[in-house]
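> Everything below, folded, please.
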Amino acid sequence: MKLPKLLLFLVALSLFSCVTKEEPTTFKFGVWTTADPKKSDADYTKEFKKYKDGGIDEVLINTSTDPKLLKRLVPLATNEGLKVHAWIMAMNRPGDSIALQHPDWYQVSKDGKSCFDNRPYVDYYQWLCPTRQASRNHVLALVEELAKVDGIESVHLDYIRFPDIFLPISLLPKYNLVQDIELPQFDFCYCDECIKAFERIHHKNPKESHNTSIDMEWKNFRLNAIKAVVDDAYKIAHKHNKELTAAVFPYPEMADHMVRQRWDKWNIDQVYPMIYHSFYNEEIDWVGYATKQGVADLEDKKTKINTGIYIPGLKSDKELKEAILLAKENGAVGVSFFDGNALTASNLKTIKETKDGLK
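Predicted structure coming up:
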């Protein structure tokens, strides 16, 4: 049966209308900020309004994993037109009152020292083991409590990795270190649970390896331990109709090398690579390079990239604008700035003007 020409025209017009009504993706501007429970609602309203007036669209708020404080702040931010992400320190849990009751939950270095009382680099490095069931379940329970909070966009994982086997090059002088090879005091995790789990799969003990730095099974075991935590967190977040996002190292190959983090393999909605060029003694164009590399690695996945920009590492507002444009030109869906306290009035003016110029 042939359809009348008028009907065919109306069907075609309807299909065309559906396509043209689809909204183009908007380039987002975000900021990481740490909450202080002592601050008043009025002070927070003022802070959130400042961000919104400066072109910011979303805030990633660290409430020290306190869902009550998060519940208090969400309406204050949303009333100012900001979207809220719940920022959580994941595997690195400094001062976690529950975890501190369980010394066996903490990662152990190759030279046998536990993060519980021997912390690499800095005192706030207290890393939980991602393999041990009790410690990983503790982290996932914290993720769930944040995911339950109404009005947030995502649970935003940070420190979802191992301690730095290699520091960014510009930080090495601060610690009087040379890291040409993997040093045992910075190589994690060799706790009993990790060793047993690895032996069950590969029938060998990494402690007896001639050179663990080239033992790919041992490296992949740790990459997969972090991936398993992320994938479970993804299920939890989506169960509560929230997304899962994460702050990560600049691009997957680099993250793999420096902190045992291969984020292009994860089940996750969006990653915020911290493309802090000054940490690596790079020029501003490296923001574009690292963004492009991450986008290419995610080519076959739905995961999107939001480029992290380190405000203190910028020499001028001109560089701030350039960093934003480099991120956009190389495939990011947004930028996020570290951190709220570092943003000056001049920075916010530049962000707003740059944002307006993209319209």
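
> helices and strands around the helix or strand harbouring Lys196, which ones?
In the assignment (DSSP states H and E), Lys196 maps to helix 192-202. In terms of contacts (3 or more C-beta pairs under 8 Å, 6 or more residues apart in numbering; DSSP states H and E), helix 192-202 is packed against helix 216-239. Any C-beta I mention is one placed from the backbone N, CA and C, and that applies to glycine too.

> Next secondary structure element downstream of the helix it packs on?
Trace forward from helix 216-239 with DSSP H and E and the next one is strand 243-248.

> Please report how far the residue most central in space within the chain lies from Leu177.
With distances taken as C-alpha atoms, centre = their mean, Ala247 lies nearest the centre of the chain, 1.2 Å away. Distance, Ala247 to Leu177, by C-beta to C-beta, to the nearest Å: 24 Å.

> how near is Pro211 to Asn281?
Check again: residue 211 is Asn, not Pro. With distances taken as C-beta to C-beta, Asn211 is found 28 Å from Asn281.

> make that Ala255, sorry
Going from Ala255 to Asn281 by C-beta to C-beta gives 18 Å.

> So those two - more neighbours on which side?
Ranked by neighbour count (other C-beta atoms under 10 Å), Ala255 and Asn281 place Ala255 first, with 22 against 10.

> The more buried one against Phe162, yeah?
No. Ala255 lies out of contact with Phe162 (C-beta atoms under 8 Å); the separation is 10.5 Å.

> anything in contact with each of these two?
Common neighbours of Ala255 and Phe162, using C-beta atoms under 8 Å, 6 or more residues apart in numbering, are Gln261.

> Can you measure across stretch 188-197, start residue to end residue?
Terminal residues of stretch 188-197 are spaced 15 Å apart (C-alpha to C-alpha, to the nearest Å).

> what's in contact with that stretch?
So stretch 188-197 is in contact with 104, 106-110, 112, 114-115, 120, 127, 129-132, 162-163, 205-207, 221-222, 225, going by C-beta under 8 Å, 6+ apart.

> by how many degrees do the helix holding Lys196 and helix 216-239 diverge?
Using axes from the mean of the first three to the mean of the last three C-alpha atoms, to 10 degrees, the direction of helix 192-202 lies 110 degrees away from that of helix 216-239.

> so how far is helix 192-202 off the chain centroid?
Its chain's C-alpha centre and that of helix 192-202 lie 28 Å apart, by C-alpha atoms, centre = their mean, to the nearest Å.

> and what of stretch 75-88?
Going by C-alpha atoms, centre = their mean, the spacing between the C-alpha centre of stretch 75-88 and its chain's C-alpha centre is 17 Å.
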